[in-house]
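A.B. asks: test case, fold it:
(2 chains)
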Amino acid sequence: MVRVLHSHPGGVHPADHKAESNATPIRTMPLLPRYVVPLRQHIGTPTRALVQVGDNILKGQRIGAAEGPVSAAVHAPTSGRVVAVGPSPTPHPSGLYDPAIVIESDGEDRAVAFTPLDWQTLDPATLRLRVRDLGLAGLGGAVFPSHLKLKPGVHTLILNGAECEPWITCDDRLMRERAAEVLGGAALMARITGARSVLAGIEDNKPQAIAALRDAVNRLDSGLAADLTFEITPIPTRYPGGGGKQLIQTLTGLEVPSGGLSTELGIQMFNVGTAYGLYRAVTLGEPMFSRIVTVTGHVAQPGNFEARIGTPIGDLIAAAGGALPGASGELVGGPMMGFDLMDLAAPATKAVNCIIVKSPELFPAKPAALPCIRCGACARACPASLQPFELYWFSRAKDFGKAQSYHLFDCIECGCCAYVCPSHIPLVDYYRFAKSEIWAREREKQAADQARVRHEFKTFRAEREKQEKAEKFAKAAAETKAKSTASGEAAAASGEDAEAAKKKALLEAALARAAQAKAEQAAAGITPKNTDNLPPAVAREIAEIDARREQAGAADAPATPDATPSTPHS
Amino acid sequence: MNGSPFDLLQRNSVTLVMAKVLAALIPGITAHAWFFGPGIWVSLFVCVSFGILFETLMLLMRGRSLGPALQDGTVVVTAVLLALSLPTLAPWWLYATGMLMAVVVAKHLYGGIGQNLFNPAMVGYAALIISFPLTMTQWPGPVGMVDHVVTLGEAFDLVFAGQGAISLDALTAATALDTWKTQARLDTAPAAIAALPALGHFGGRGQEYVAVMYLLGGLLLLSNRVITWHIPVAFLAAVALTASLVHWALPGQPGALFHLFSGGVMLGAFFIATDPVTAASTPLGKLLYAGLAGMLVVLIRVFGGYPDGVAFSVLLMNVAAPFIDAYTQPRVYGHGSKS
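C.D. replies: So this is what the prediction gives:
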């Protein structure tokens, strides 16, 4: 059966630069003296560190526990000792530090005992928890915790081996060399999710990978393959053909609804690396403590490396023969959606699929941006059928409402628009700016809304208390009046008398309360003061005055008048 | 700001786009020089010179750097399009005034490249035809129709020194559009009009082949993906359809072929209405924009006061372009029907 392919709108054909790194087999990184394992490697809540400085740990030991519903555990890449738990450089565009566990290897590489997952008998919820605790997250780049996607209720499982970004070849090599495991993982995923058909989409610039997967279909364990159909489908090489939405559209002609999930179409998608990871997790019980990373660009021996999670990127580049003279920085990810690495000490995480060492020849400086001439090249390149130049004008003018109404949030930031722009405008940066501004404003609005609700409640409560007091006083006044009437002293109490009685009652009540409070405080040994929330300088001053008073034998002088404006508590 | 993408399409710039537009105009300009004499080179030279002068002055006054704006080549394209729309051998100040309106008023007073609402060349043309209607009708006749075809030197004299040794009257002739307009009012039989010397085989004499060359250049732009098919196809189809309807209702009026291959229709369809800054930008919007513009061209030609209607129809539709865009936004992935 030949699948009829559909076309997705837009797309570009950048030079693919695959040949630099896809010709040599995957090399295994040697054991390193030191690994840096960030607690946050996935989308969602960071993990909670399970180890402390000084702890001895084993390879595969869970060192960070998944927290909350969207999280995936992290594991030790080798045996050794925890030497630090705290902020470390991470591969993130911001270059900000993030908590990580730093491990000094003992060189013995001793592992904990792994127990395979009995996926056939485990109930689905338990199985998902086990997968979460084995740290599985999507290796295609988004690093979404995999267990959340392994839910029943889909009919098609798409295996994403498109690898559409230029330069990256880790999926290509993985499919060529470990096709059986990749396909086995996909079959397991289909079994767990209830999908009956497995569709693999691979760009047609990877003929060996396509052949390897096709071959693996024929050799797949019959128990695993029973009732499943497999289609290994070459798709046209056109960036961003491997984008989730684009691949679904190419293979099925369907569009994932805006803001929705592919599962609404009965489709679930996994990257080939994730499938491989799941296969290892299920059949061996092995947690995700390594992945394949492409190291390419301006290095002596570009290629792919099986790197333990936590391998410093500098060591990966060294393993690829080191950067050649004239290198001008490193990219994490591909050239279309990747980012500049800030620190070579940052480790390879589950999200790092590629390191490209730059040189001015490979990545020439971008020409200065010129004004937009609305030529529409960006609109023709946009895979989401957006009008990028309109979004640019709106973002630039900070007209965020308009940008949203032109579907800014359907932008997948693939970079096609900026790639083709004849004015060299960094369009995607404008969209990222607009998105973050909109998010910030929404957070502010939420905070303001919350404050308003709180204020309204406070006003309401004050009003209620006032009313309650008034009622109480009225009642007390009425009682006093009744008493005086009963004693026969006043034959005809005038309105003024009643008013005076009420005031007297109020005064008496207040005095009684004050006396009681004072007695309570005295009993507790507290000198009444209104000195909370004072600036340290003022607090010190008051303390000095109190000390002088004490010396003067005036220890129980009246409370210090509140001279400074107090900060409202909340 | 993480800066991605780090890879950009190589050999891609506004300058290159403009260079492709200019290259695509070469066949038309050559045909123009062949049929109407070398006067076109002088008007091109004068328009481009004043264009660069005004661009430079405006950039200096606006405190912008000269380099990128002058390099982008847009002012040269504006100047060339205006020169091709104006009669050659006109006095230099006519070209200067046109470029002043185009570059200073239509382009820089609106905020410079990318910000202009109106097509600068057409603003220049419209200002001139309103201000100097007589000068604007003195078109040199095609070779074979007039007594004398100027040499390059004579053309320079005429443009810079006014009428010298040769009288302009000896060189100019009514254009095909003018002829149809006046003769149709006199109720001359179409066959008799078609036989007049200003008329060619299917369009205006000489002009029809220039138009064929513009068409050829336009196809080059299409094949180079500088423009999309929407605007030229809709524009030409609307001209043909409207002209056919008019011809059917008023048999004294010329048919579709004449309208397509006379005046500024071919230049307008591929080079003027397609100006991305001032045109509609969505696929459906482009069809509407150019379709309405093409319809207006014929209506202005037949019922309006001016012989040609390309400039006015394009300017009118420029006003409507933002509105058209706002109501013709394409369906975005994941929205609407296909889910």
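A.B. asks: spell out which residues of chain B are next to chain A.
C.D. replies: B:1-9, B:12-14, B:16-17, B:68, B:72, B:74, B:112-115, B:228, B:276-277, B:281-282, B:325, B:329-335, B:338-339 (Cβ under 8 Å from any Cβ of the partner chain). C-beta coordinates here come from the backbone N, C-alpha and C atoms, glycine included.
A.B. asks: just the buried ones out of these, please.
C.D. replies: Applying a neighbour-count criterion of 16 or more other Cβ atoms under 10 Å in any protein chain shown, the buried members of the residues of chain B next to chain A are B:2-9, B:12-14, B:17, B:68, B:72, B:74, B:112-114, B:228, B:276-277, B:281-282, B:325, B:329-330, B:332-335.
A.B. asks: quick check: the residue of the stretch 351-500 of chain A nearest chain B.
C.D. replies: residue A:415 (3.4 Å; Cβ to the nearest Cβ).
A.B. asks: that residue against residue A:426, yeah?
C.D. replies: No - Residue A:415 sits out of contact with residue A:426 when judged by Cβ atoms under 8 Å, with a separation of 9.7 Å.
A.B. asks: name the residues contacting each of these two.
C.D. replies: Residues touching both residue A:415 and residue A:426 (Cβ atoms under 8 Å, 6 or more residues apart in numbering or on different chains): there are none.
A.B. asks: who's more crowded, these two?
C.D. replies: Neighbours per residue, other Cβ atoms under 10 Å in any protein chain shown: of residue A:415 and residue A:426, the larger number sits with residue A:415, 27 against 21.
A.B. asks: so what pLDDT did the residue of the stretch 201-339 of chain B found nearest chain A get?
C.D. replies: Among the residues of the stretch 201-339 of chain B, residue B:334 lies closest to chain A, at 3.6 Å counting by Cβ to the nearest Cβ. Per-residue confidence (pLDDT) for residue B:334: 91.
A.B. asks: contact partners for it?
C.D. replies: Residue B:334 sits in contact with A:245, A:255-260, A:384, A:410, where contact means Cβ under 8 Å, 6+ apart.
A.B. asks: helix or strand: which one has it?
C.D. replies: Using DSSP states H and E, residue B:334 sits within no helix or strand.
A.B. asks: residues near the closest residue to it other than its chain neighbours, how many?
C.D. replies: Excluding its sequence neighbours, the residue lying closest to residue B:334 (Cβ to Cβ, 6 or more residues apart in numbering or on different chains) is residue A:258, at 3.6 Å. Close neighbours of residue A:258, defined as other Cβ under 10 Å, add up to 16.
A.B. asks: now do the one 5 residues further on
C.D. replies: Residue A:263 has 15 neighbours, counted by other Cβ under 10 Å.
A.B. asks: any idea how many residues pack against residue A:214?
C.D. replies: 16.
A.B. asks: nearest residue to the residue of the stretch 351-500 of chain A closest to chain B other than its sequence neighbours?
C.D. replies: Here the residue nearest residue A:415, using Cβ to Cβ, 6+ apart, is residue B:5, at 3.4 Å.
A.B. asks: isn't the one you found right up against residue A:420?
C.D. replies: No - applying Cβ under 8 Å, one finds residue B:5 not in contact with residue A:420, separated by 10.0 Å.
A.B. asks: quick one, phi/psi of the residue nearest to residue A:415?
C.D. replies: Here is the backbone geometry of residue B:5 (degrees, to the nearest 10): phi -80, psi 150.
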